[in-house]
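Asker: Can you look at this prediction? I've put the sequence above it.
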Amino acid sequence: MADFEQRTLLLIDDEPAQSRLITALAGREGWRTLVVRDSETAIATLGTRQGMQLHAIVLDQWVPGDDACELIAELKARRPALPILMLTTSASPLLAVEAMRAGATDYLIKPVAPDRLMLALRMATTREAPRDELQPMTEKMTAAADFDAMIGAAPTFRAALAVAAKAARNHNPVLIEGENGTGKEMLIRAMQAASPRAKLPFRLINIGGIPANSVESVLFGHEKGAFPGAFDRHIGALQHADGGTLALDEIDRLPVHVQHRLCESIQRGDVRPIGARHSFRVDVRLIAASNLPLKDMVDGGHFLPELLTALSGVVVQLPALRDRVGDISALARHFLARIGEQPGLRALGITDGALQLLAAFDWPGNVRQLQAVLFRAAVFCDGDALTADDFPQLSNIVGNDPAMQNPVQEGVGVMLYTSDGNLRPLEDIEADVIRLAIGHYRGRMTEVARRLGIGRSTLYRKLSELGIGDAA
């Protein structure tokens with residue numbers, strides 16, 4: 001990989017404030033930024049001595065407007081190997097599709113978080129080309145905020161949903177732990193929708209997307225003049241969520257001094273804005289999510305044990321995708337159905353060979369990464385179904401993985417006999433049938449109950465008796 005000191009970024013942007021911000025962010029990691037204000041200058045720059053030393057391009061869609069994809073295609077035609085990242089205020093999947101087909105490497109929604117921008121630049125310019133396509137893009141596909149939308153039949157996954165569904169119905173704090181991309185935010189929204197506070201104030205704050213020096217103000221608020229730059233009074237998220245729910249994603253990234261303040265606030269049931277002379281009583285239900293095990297962070301001295309205790313009224317552990325490989329098939333079909341509903345795309349099937357390839361990969365980015373890979377494959381697919389050939393980067397990474405040579409055969413039926421020829425116990429067969437139905441109907445429990453010819457309450461009772469776990 002080239003040294004950061006040798007990297008040059010071409011920024012096509014006519015907004016001075018944003019240009020300064022991106023230049024400063026890139027500079028922290030050794031990037032030198034060339035800023036141009038229009039398309040013509042950008043194209044001309046490619047032919048200069050500086051232009052021949054570029055490592056990436058960041059393009060604000062606002063500069064060329066409706067011609068953004070044409071500019072991307074022109075830049076790509078002149079410099080095919082140069083990664084291009086597009087900044088936009090639009091969350092339209094159609095624009096994402098058009099930008100990718102034109103040659104964009106990534107698609108970032110403004111205002112983009114500093115960490116997201118730098119991750120996109122790092123991933124786009126790494127020499128490990130086969131992994132580039134595996135980075136999640138920021139295309140937006142709205143998902144239903146309920147437990148039935150959580151797809152998967154793996155026992156560990158269903159057990160986690162059962163714990164979360166039960167916890168959603170009370171007011172205790174909840175801590176959700178799981179690797180990045182396992183579905184923590186989606187689970188938070190499902191819990192909120194199922195809670196007694198569903199119609200009350202709700203705030204979801206991603207700690208990782210806020211500068212460290214701003215987190216305290218975002219959570220607690222501040223008074224006018226409390227610190228340099230505090231020109232107005234600001235009400236914090238804890239007060240905004242009074243009576244309702246505050247969800248804190250990536251709480252493992254909460255600065256230590258803010259951990260102390262949050263812990264005290266939870267214990268006292270009040271909040272004191274920065275610079276305020278008195279506190280305000282608040283009634284807030286907290287849901288926290290962490291990419292890292294907080295117990296390990298406590299042991300390492302990076303997380304306050306008292307705060308962990310305060311957040312751990314109920315703990316939900318979401319398994320990694322590699323630990324529920326059997327769910328990949330149902331997840332892939334579910335995502336493809338949703339992708340097919342997006343403007344500019346169409347419904348696609350997926351072959352057994354493609355599913356075997358997906359199952360052989362270890363998915364470090366978990367479910368979110370699977371969705372991004374399927375989205376990108378669907379954009380460029382010319383056939384009616386995705387095949388293994390539509391995932392060349394995965395094929396390069398997996399190679400001759402034994403799992404591809406001898407894939408685990410997940411039968412579509414249910415085994416009736418044991419290896420010695422005797423019938424299996426009825427409850428084991430029944431459990432397999434229910435798991436099969438959950439997977440086949442993508443976790444839609446109402447549909448599962450209807451197809452099995454039983455009521456929802458009966459289905460949930462059987463899930464509990466058989467140790468499968470329920471989702472509502």
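Answerer: Received, thanks. Numbering: from 1, shown residues only.

Asker: which ones are touching Leu95?
Answerer: Residues counted as contacts of Leu95 (C-beta atoms under 8 Å, 6 or more residues apart in numbering) are 61, 88, 107. C-beta: built from backbone N, CA, C; applies to glycine.

Asker: Leu85 is in contact with the first one, correct?
Answerer: The reference is to Gln61. No: judged on C-beta atoms under 8 Å, Gln61 makes no contact with Leu85 at a distance of 10.8 Å.

Asker: Gly225 and Gly275 touch, don't they?
Answerer: Yes: counting by C-beta under 8 Å, Gly225 does reach Gly275; the two are 6.9 Å apart.

Asker: how near is the closest residue to Leu386 other than its chain neighbours to Gln393?
Answerer: Leaving aside its sequence neighbours, Leu386 sits nearest to Ile350 (C-beta to C-beta, 6 or more residues apart in numbering; 4.5 Å). Distance, Ile350 to Gln393, using C-beta to C-beta, to the nearest Å: 16 Å.

Asker: Same check on Ala193?
Answerer: According to C-beta to C-beta, Ala193 and Gln393 sit 36 Å apart.

Asker: got the CA coordinates for stretch 377-393 in PDB?
Answerer: Taking Å, rounded to 0.1, in the frame of the first residue of the first chain, the C-alpha atoms of stretch 377-393 are listed here in PDB:
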ATOM      1  CA  ALA A 377     -24.100  -7.600  -7.800                       C
ATOM      2  CA  ALA A 378     -27.700  -6.800  -8.700                       C
ATOM      3  CA  VAL A 379     -26.800  -3.500 -10.200                       C
ATOM      4  CA  PHE A 380     -24.500  -5.100 -12.800                       C
ATOM      5  CA  CYS A 381     -26.400  -8.400 -13.300                       C
ATOM      6  CA  ASP A 382     -27.700  -8.900 -16.900                       C
ATOM      7  CA  GLY A 383     -29.400 -12.300 -16.300                       C
ATOM      8  CA  ASP A 384     -32.500 -13.300 -14.300                       C
ATOM      9  CA  ALA A 385     -30.600 -14.700 -11.400                       C
ATOM     10  CA  LEU A 386     -27.300 -14.100  -9.600                       C
ATOM     11  CA  THR A 387     -24.700 -16.700 -10.200                       C
ATOM     12  CA  ALA A 388     -21.300 -17.200  -8.600                       C
ATOM     13  CA  ASP A 389     -19.800 -15.300 -11.600                       C
ATOM     14  CA  ASP A 390     -21.600 -12.200 -10.400                       C
ATOM     15  CA  PHE A 391     -19.400 -12.200  -7.300                       C
ATOM     16  CA  PRO A 392     -15.800 -12.200  -8.700                       C
ATOM     17  CA  GLN A 393     -14.300 -10.500  -5.700                       C
END
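
Asker: distance between the helix or strand where Glu306 lies and the chain's centre?
Answerer: Using DSSP states H and E, Glu306 sits within helix 305-311. Between the centre of helix 305-311 and the centre of its chain there are 25 Å (C-alpha atoms, centre = their mean, to the nearest Å).

Asker: quick one: buried residues of that helix?
Answerer: Within helix 305-311, the residues that count as buried by 16 or more other C-beta atoms under 10 Å are 307-308, 310-311.

Asker: Now the two most distant members of these.
Answerer: Leu308 and Ala310 (7.3 Å; C-beta to C-beta).

Asker: Please name the residues that touch Lys145.
Answerer: For residue 145 the amino acid is Ala, not Lys. Contacts for Ala145 (C-beta under 8 Å, 6+ apart) come out as 186, 189-190, 192-193.

Asker: any chance of those in CSV, plus distance to Ile22, pLDDT and neighbour count?
Answerer: Converted to CSV, these look like this (distance: C-beta to C-beta, whole Å; pLDDT from 0 to 100; neighbours: other C-beta atoms under 10 Å):
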residue, distance to Ile22, pLDDT, neighbour count
Met186, 30, 93, 19
Arg189, 31, 94, 19
Ala190, 35, 94, 25
Gln192, 34, 95, 20
Ala193, 36, 93, 16
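
Asker: Contact partners for Arg346?
Answerer: Applying C-beta under 8 Å, 6+ apart to Arg346 gives the contacts Gly340.

Asker: what about it, is that helix, strand or coil?
Answerer: coil (DSSP: H, G, I helix; E, B strand; the rest coil).

Asker: That one and Ala330, how far apart?
Answerer: Distance, Arg346 to Ala330, by C-beta to C-beta: 21 Å.

Asker: now Ser312
Answerer: For Ser312, the distance to Ala330 (C-beta to C-beta) stands at 31 Å.

Asker: Same question for Ala230.
Answerer: 50 Å.

Asker: Of those two, give the one with the bigger neighbour count.
Answerer: Ala330 (18 against 15; other C-beta atoms under 10 Å).

Asker: Pretty sure that one sits against Gly152.
Answerer: Yes: assessed by C-beta under 8 Å, Ala330 is found in contact with Gly152 at 6.9 Å.

Asker: Kindly state the domain boundaries assigned to the chain.
Answerer: 4-132, 171-317, 324-405 (automatic domain parsing).

Asker: what's the closest of those to Asp428?
Answerer: That would be domain 324-405 among the domains of the chain, by C-beta to C-beta, at 16.5 Å.

Asker: Give the rounded mean pLDDT of the closest one.
Answerer: The average pLDDT within domain 324-405 is 86.

Asker: Would you mind telling me which of Gly225 and Gly275 has more residues around it?
Answerer: Remark: of Gly225 and Gly275, Gly275 carries more neighbours, 15 against 12, as counted by other C-beta under 10 Å.

Asker: Identify the residue nearest the more buried one in space, chain neighbours excluded?
Answerer: Nearest residue to Gly275 in three dimensions, chain neighbours excluded: Ala226, at 2.8 Å (C-beta to C-beta, 6+ apart).

Asker: And for Asn366?
Answerer: Computed as C-beta to C-beta, 6+ apart, the closest residue to Asn366 that is not its neighbour in sequence is Gly181, at 3.5 Å.

Asker: so what pLDDT did the one you found get?
Answerer: pLDDT for Gly181: 89.

Asker: That one touches Gln369, doesn't it?
Answerer: Yes: using C-beta under 8 Å, Gly181 is in contact with Gln369, at 5.5 Å.

Asker: When these two are compared, which one has more neighbours?
Answerer: Just comparing Gly181 and Gln369: by other C-beta under 10 Å the higher neighbour count belongs to Gly181, 22 against 18.
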